[in-house]
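K.L.:
predicted coordinates and the sequence they were generated for:
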Amino acid sequence: MLNKLIPSLAVSDIQRSITYYREAFGFTVCESHKPGGQLVWACLRSGSTFLMLQQEGGGHGEARDIASTPKTFCIYLQPDDIDALHAQLVGKKLAVGPLKTTPLGARECTLSDPDGYEWWISQPGGGPLAG
C-alpha cells in the first residue's frame, strides 16, 4: 500500500517557481540541495502536502528547453476550502479559471504555473476522492 505521492516538477527557474508556489498556495521550502552554492532542487511543504522542484539543467539530468516542452499531465490539488483558495488566487491576480461544478458534483478551477504545468484545483462532490 502507498501512503504518499509527491509530484516532482522540472522547472526553468527554480527561484521563480518557489516564489510562485509560496504566493499561490503558501508553500515553504523544507529541504533543498545547493551543490556549489547553486540551488538545483527544493522540497516544498504546505500543511501535509509536498511538492518537489528540480532546476532543469541543474546537474540532475539532461538539460532541455522545458519552456517549449508540452506538459502532458495535470496535477489535482484538493484544498480544505476551494472558495477561499479561489478568492485568494484571484486576489493575487494569478491566472486562475472560474469555479465550475462538474457533472459529478465536484467544484473545480484550473491554474497554470510559469512552466505550463496545469493544476486542477478540485473539491470533490462525493466518491472515493472526497475523503
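P.N.:
Structure's in. What do you need? Numbering: from 1, shown residues only.
K.L.:
who are the packing partners of the helix or strand of the chain with the lowest mean pLDDT?
P.N.:
In the chain, no helix or strand scores lower on mean pLDDT, DSSP states H and E than strand 74-77, which sits at a mean of 81. Judged by 3 or more CB pairs under 8 Å, 6 or more residues apart in numbering; DSSP states H and E, the packing partners of strand 74-77 are strand 118-123. For the C-beta atoms, the positions are set from N, CA and C on the backbone; glycine is no exception.
K.L.:
tilt between the lengthiest helix in the chain and strand 118-123?
P.N.:
Assignment by DSSP state H gives helix 14-25 as the longest helix of the chain. Following axes from the mean of the first three to the mean of the last three CA atoms, to 10 degrees, one obtains 20 degrees for the angle between helix 14-25 and strand 118-123.
K.L.:
which stretches of this protein form strands?
P.N.:
Assigned by DSSP state E, the strands in the chain fall at 8-11, 28-33, 41-46, 49-55, 74-77, 100-101, 107-112, 118-123.
K.L.:
any chance of those in JSON lines with distance to residue 18 and mean neighbour count as columns?
P.N.:
Output for these, formatted as JSON lines (distance: least, CB to CB, whole Å; neighbours: other CB atoms under 10 Å):
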{"stretch": "strand 8-11", "distance to residue 18": "9", "mean neighbour count": "18"}
{"stretch": "strand 28-33", "distance to residue 18": "6", "mean neighbour count": "12"}
{"stretch": "strand 41-46", "distance to residue 18": "6", "mean neighbour count": "18"}
{"stretch": "strand 49-55", "distance to residue 18": "7", "mean neighbour count": "19"}
{"stretch": "strand 74-77", "distance to residue 18": "17", "mean neighbour count": "15"}
{"stretch": "strand 100-101", "distance to residue 18": "29", "mean neighbour count": "10"}
{"stretch": "strand 107-112", "distance to residue 18": "16", "mean neighbour count": "17"}
{"stretch": "strand 118-123", "distance to residue 18": "16", "mean neighbour count": "18"}
